[in-house]
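> 3D model of this:
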Amino acid sequence: MDTTAFEAMERDGWADPSIAKYYADAFSNATRLVGQELASAVGSSPGMHVLDLCSGHGAVAAELVARGAEVTGLDFSPAMVSLAEAAVPDAIFIQGDAMAMAFADASFDAVTIGFGVPHFPDPAKGLAEAARVLKAGCPIAFSIWYGAGSDSAFAWLFEAFGKHGDTSVAVPEGPDAHQLVDRGLADKMVSAAGFANVVVSDVPSEIWVAEPEDLFDIFYKGAVRAAERFSGQTSDVRAAVRLDLANRTRSEGRKDDGGWFVPAPSVIVRGTRR
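Below you'll find the model as predicted:
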């Protein structure tokens, strides 16, 4: 697969401060919960030096630091690095390429990756690079959103697009963002990258929206792949998908006094460096 166009889309999209900030705010409820789970999965504790790879706006780093770890965060987006630095001043954040890191072999006591693996142009290569910088016997843990076929906002989006969208409009080809929720595939890929004792566990995370119509905007304004797909659609298609997602939120979301909680389950994949 030629991922040149995919890489350019990801790099340029996530460099946009408005997209980075919208993602940070819109997904904050889910990323905070998953950050707690990832910090627990690697046993974050005082004295550990943890690499938070694809650190985004700092949700995982905040949990690692709260438990006493020394954290280095790496992200390819300068906009995300700026958000993380403001949110977690006790961690160090740098801009860099997860596929070819400048760190020496066996530099870290743990690696966390909060929803970053789907942004790798080659997930197998990216996981092998994470293994390279991790000490033998030390843990990795990363998260993946559930996608098609699940009870998930992402699945709702795919289903709405399938009903209303023009599938002939081309978008840059990249790896399946949700492939590693498959236990068998995750075990195979993570083991091949240099890890043992691979375990996949569910996290019942949720997205919060003030109004049901806001769910479409979360994807359109805060997710680069979705924004790219919908930018090539007509305004009528976007309106139809927005309405579909709003109706789904009203019928299947969980209402509270201030808004709606929408299911956004994920998995955590963990392993130990051989």
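> and residue 72, helix, strand or coil?
Secondary structure, DSSP: H, G, I helix; E, B strand; the rest coil: residue 72 is strand.
> around the nearest residue to it once chain neighbours are set aside, count how many other residues there are.
Among residues not flanking residue 72 along the chain, residue 92 sits closest, at 5.0 Å (CB to CB, 6 or more residues apart in numbering). C-beta here means a position set from N, CA and C on the backbone, and glycine is covered the same way. Around residue 92 there are 15 other residues, counting by other CB atoms under 10 Å.
> what number of residues lie near residue 188?
14.
> pop out the phi and psi values for it.
phi -60, psi -50 (degrees, to the nearest 10).
> kindly report the same for residue 254.
phi -110, psi 110.
> what separation do you get for it and residue 262?
Residue 254 sits 8 Å away from residue 262, going by CB to CB, to the nearest Å.
> correct me if wrong, but residue 270 is in a helix.
No - according to three-state DSSP, residue 270 belongs to no helix; its state is strand.
> so which residues of the protein form helices?
Ranges of helices in the chain, per DSSP state H, are 4-14, 17-26, 28-41, 59-66, 78-87, 123-132, 153-164, 183-192, 214-222, 224-231, 235-252.
> tabulate those (JSON lines), appending distance to residue 147.
Formatted as JSON lines, the helices of the chain follow (distance: least, CB to CB, whole Å):
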{"stretch": "helix 4-14", "distance to residue 147": "17"}
{"stretch": "helix 17-26", "distance to residue 147": "17"}
{"stretch": "helix 28-41", "distance to residue 147": "14"}
{"stretch": "helix 59-66", "distance to residue 147": "20"}
{"stretch": "helix 78-87", "distance to residue 147": "22"}
{"stretch": "helix 123-132", "distance to residue 147": "14"}
{"stretch": "helix 153-164", "distance to residue 147": "5"}
{"stretch": "helix 183-192", "distance to residue 147": "13"}
{"stretch": "helix 214-222", "distance to residue 147": "12"}
{"stretch": "helix 224-231", "distance to residue 147": "11"}
{"stretch": "helix 235-252", "distance to residue 147": "15"}
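> so which of the ones you listed gets nearest residue 144?
helix 183-192 (8.0 Å; CB to CB).
> and the closest one, which residues are buried?
186, 187, 189, 190 (16 or more other CB atoms under 10 Å).
> check contacts around the most centrally placed residue in the chain.
Nearest to the geometric centre of the chain sits residue 115, at 2.0 Å (CA atoms, centre = their mean). Contact analysis of residue 115 by CB atoms under 8 Å, 6 or more residues apart in numbering lists 31, 34, 54, 56, 142, 143, 144, 145, 266.
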